[in-house]
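> Sequence plus the predicted model coming up.
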Amino acid sequence: MIAATVPVAVVVTGSWLLAAVYRRTIEWLFLVAWVGIGLAATVVLGLVLGLAAIRESVPKGVMVAGGAAVLLGAVAYSSVTPSMTDRQALHDRGVAVTATVEARWRDGGDGGGIAPGGRFWLTARAPDGTLWTLEAEPDEERPEVGRPVVFTYDPRHEVRPELGPVPGAPPWIIRTIALCLLCAGSLTAAAACALPDSRRPEQQPQDT
């Protein structure tokens with residue numbers, strides 16, 4: 001039971017915690033949370049898979065497939081959850097606004113690091129006079145100062161605004177497949193832990 005549920009619970013809970021941090025910042029705090037949650041999940045998954053792997057109750061090929069399913073499902077699920085939850089929020093309640101670009105700049109440089117090309121930003125003024133700071137992808141065409149730009153914001157201010165109209169719903173099928181892989185691998189590990197170890201000699205009744 002523990003082997004079947006703990007890996008799934010750790011990955012799912014950690015992914016949603018990471019999504020909550022992602023909504024607040026994408027700076028060092030998010031990176032620390034990402035590393036910390038990732039290490040915790042790795043330790044738990046490693047212990048469960050390691051315990052299952054040293055037993056011989058399930059064929060090695062099945063265990064390799066189960067371990068690969070756990071690791072692939074965990075990585076995929078945790079990777080897509082933060083961005084998909086934000087996109088779903090903007091899809092459900094986002095409001096599109098046409099604003100005027102007042103400034104644009106880039107922070108960082110080409111000195112290496114996580115974002116070697118720097119990050120691009122726009123300052124846009126909405127029709128009501130509100131100033132918005134918007135992040136632009138490096139490969140996007142950034143409008144000149146004085147030009148109109150469309151962005152979508154969350155009226156609850158729980159999700160960062162994004163350039164572009166209200167987005168469509170995210171492809172949750174990706175996360176569903178990842179969760180299925182994670183569950184299948186965890187059940188395989190659980191079966192390996194639950195079944196008798198074939199290396200142990202069976203108890204034979206003694207003749208009297």
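Now that the structure is in, tell me what you want to look at.
> quick one: buried residues of the helix or strand hosting residue 191?
Using DSSP states H and E, residue 191 falls within helix 172-194. For helix 172-194, the neighbour count (16 or more other CB atoms under 10 Å) marks 175, 178-179, 181-183, 185-193 as buried. C-betas here are computed from N, CA, C, even on glycine.
> Now the lengthiest strand in the chain: average pLDDT?
Determined from DSSP state E, the single longest strand within the chain is strand 95-107. For strand 95-107, the mean pLDDT works out to 90.
> Then stretch 123-136?
Mean predicted confidence for stretch 123-136 is 90.
> Against which helices or strands is the helix or strand following the longest strand of the chain packed?
Per DSSP H and E, the first helix or strand lying C-terminal to strand 95-107 is strand 119-125. Under the contact criterion of 3 or more CB pairs under 8 Å, 6 or more residues apart in numbering; DSSP states H and E, strand 119-125 touches strand 95-107, strand 131-136, strand 148-153.
> quick one, phi/psi of the closest residue in space to residue 91 that isn't next to it in sequence?
Nearest residue to residue 91 in three dimensions, chain neighbours excluded: residue 169, at 5.0 Å (CB to CB, 6 or more residues apart in numbering). Here is the backbone geometry of residue 169 (degrees, to the nearest 10): phi -70, psi 140.
> counting contacts, what elements does the longest helix along the chain pack onto?
Across the chain, the longest stretch assigned as helix under DSSP state H is helix 60-93. The helices and strands touching helix 60-93, judged by 3+ CB pairs under 8 Å, 6+ apart, are helix 2-24, helix 28-53, helix 172-194.
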